Each structure stands twice: as C-alpha cells, then as structure tokens.
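Asks: sequence first, predicted model second:
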Amino acid sequence: WWKKMWVTPFERWLFKRADSVIATCEDEVKWIRGFEPKVKNVEMLSLGECVDYSRVERVERADERGSLRLLFVGRLHPLKGVEYLVRALHELNHETHEKGSGVVLKIIGKDEGEGEKLRQLVREFGLDVEFCGVVSEDEKERAWEWCDVLVLPTLSENFGLVVAEALERGKRVITTD
C-alpha cells in the first residue's frame with residue numbers, strides 16, 4: 001500500500017499528460033476514468049485486432065501425445081496464485097490418470113518466497129513440474145515453443161503482459177478474470 005501511495009500522484013500526472021490511454025476491457029476504462037477524470041482519451045484495445053490468428057495452431061489433445069504442456073511465466077509470489085495452479089494440476093492429473101494422459105507444467109520466474117512451498121507441494125502430489133528460475137531469452141523462446149497453453153492464475157493482475165506474449169505466439173491462455 002505504501003508503494004502505491006508514493007506512485008499514485010505520478011501516475012495521475014502521467015494520465016493527465018497522455019494524449020491517449022489504452023485499456024483492455026470496459027472495467028479498465030471505468031477504472032481509468034474514475035482514477036483520473038481529467039484523462040484526455042481512453043481507447044479500448046481489441047485483442048482480435050492485434051493478434052495474427054493465421055499463426056494459431058490447433059492444440060493437440062492430451063491423449064494424442066500423452067500430456068498437455070502448460071507454462072507459467074512470472075514471479076513466484078503469493079499474489080500470482082501458483083499454489084492454486086499446482087493444486088488444480090494435481091486434481092486434473094488425478095482425474096485423467098486412468099485415461100493415460102496427464103498435464104506437465106514448466107515454471108519460469110524469480111522466486112519471491114513461494115518456491116520452496118511449491119516444490120514441497122509438487123513432491124507431495126508427485127507432479128511433473130519443472131522449476132526453471134530466471135532464464136535467458138533463448139531459453140524462454142524454447143519454453144514458448146514447447147508449451148501448448150500459458151497459465152496465469154493471478155490474484156491481482158487485470159492483464160499480464162505475458163498474456164499478450166502468448167497470444168502473439170498463437171498460444172492458448174488460461175487465466176483468472
């Protein structure tokens with residue numbers, strides 16, 4: 001809260017000076033106008049206009065290849081909701097175990113206090129999860145090529161930039177509303 005207290009006046013100043021502010025949804029438009037009523041122009045971005053859908057390929061079903069490959073890119077922080085993702089993965093693998101399919105997860109991101117807790121859950125559940133930590137751009141590109149779906153179970157973001165990265169690459173995205 002104290003960081004926001006220091007940043008808020010600067011944010012308001014930037015909003016007032018901007019010729020246009022881009023929002024990703026109607027709720028964000030309302031928030032921007034409520035936050036700084038003197039903003040000149042708020043435009044809503046349509047993701048359909050910026051994604052090249054010709055690059056989108058069909059996601060193979062888990063039973064055709066053996067597993068569905070999920071990727072999480074972000075900080076390992078309580079607000080990112082990765083613990084919920086690990087628990088959901090456990091339930092999903094438990095439900096699909098009899099069918100011979102499963103879900104694997106690769107986690108790329110800086111550990112900010114959740115890493116050991118998540119590793120303990122992964123061991124407890126016997127999950128197929130790879131913790132990569134912070135990686136180079138080349139390693140990150142290989143992870144994007146490897147994955148079928150990006151997962152972003154965040155508890156605080158309205159639109160993570162990683163979602164745009166995934167859509168740009170033609171990847172499906174699962175996130176919270």
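Replies: It's in.
Asks: mind listing the helices for the protein?
Replies: Here the chain has its helices, by DSSP state H, at 2-17, 26-35, 47-50, 62-65, 82-96, 115-125, 137-146, 161-168.
Asks: can I get those in a markdown table with mean neighbour count?
Replies: (C-beta placed from N, C-alpha, C; glycine too.) Converted to a markdown table, the helices of the chain look like this (neighbours: other C-beta atoms under 10 Å):
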| stretch | mean neighbour count |
| --- | --- |
| helix 2-17 | 10 |
| helix 26-35 | 13 |
| helix 47-50 | 9 |
| helix 62-65 | 13 |
| helix 82-96 | 17 |
| helix 115-125 | 14 |
| helix 137-146 | 12 |
| helix 161-168 | 17 |
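Asks: which of the ones you listed sits closest to residue 72?
Replies: Set against residue 72 and scored by C-beta to C-beta, those come closest in helix 82-96, at 6.2 Å.
Asks: quick revisit: take the helices of the chain and write them to TSV, including mean pLDDT and distance to residue 106.
Replies: Shown next, in TSV, are those (pLDDT from 0 to 100; distance: least, C-beta to C-beta, whole Å):
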stretch	mean pLDDT	distance to residue 106
helix 2-17	90	30
helix 26-35	89	30
helix 47-50	49	24
helix 62-65	50	15
helix 82-96	80	12
helix 115-125	90	12
helix 137-146	94	6
helix 161-168	86	13
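Asks: what's the closest of those helices to residue 71?
Replies: That would be helix 137-146 among those, by C-beta to C-beta, at 5.8 Å.
Asks: show residues contacting that closest one.
Replies: 69, 71, 73, 106, 108, 132, 135, 165, 166, 169, 171 (C-beta atoms under 8 Å, 6 or more residues apart in numbering).
Asks: mind running it again at 6 Å?
Replies: If you take C-beta atoms under 6 Å, 6 or more residues apart in numbering as the criterion, helix 137-146 is touched by 69, 71, 106, 108, 169.
Asks: can you tell me how far the spatially most central residue of the chain sits from residue 71?
Replies: Closest residue to the average C-alpha location of the chain: residue 152 at 2.9 Å, with C-alpha atoms, centre = their mean. According to C-beta to C-beta, to the nearest Å, residue 152 stands 10 Å off from residue 71.
Asks: first-to-last residue distance for stretch 29-42?
Replies: In stretch 29-42, first residue to last residue: 7 Å (C-alpha to C-alpha, to the nearest Å).
Asks: stretch 132-149 too?
Replies: 17 Å.
Asks: now stretch 131-144
Replies: 15 Å.
Asks: with stretch 20-33 instead?
Replies: End-to-end for stretch 20-33, by C-alpha to C-alpha: 12 Å.
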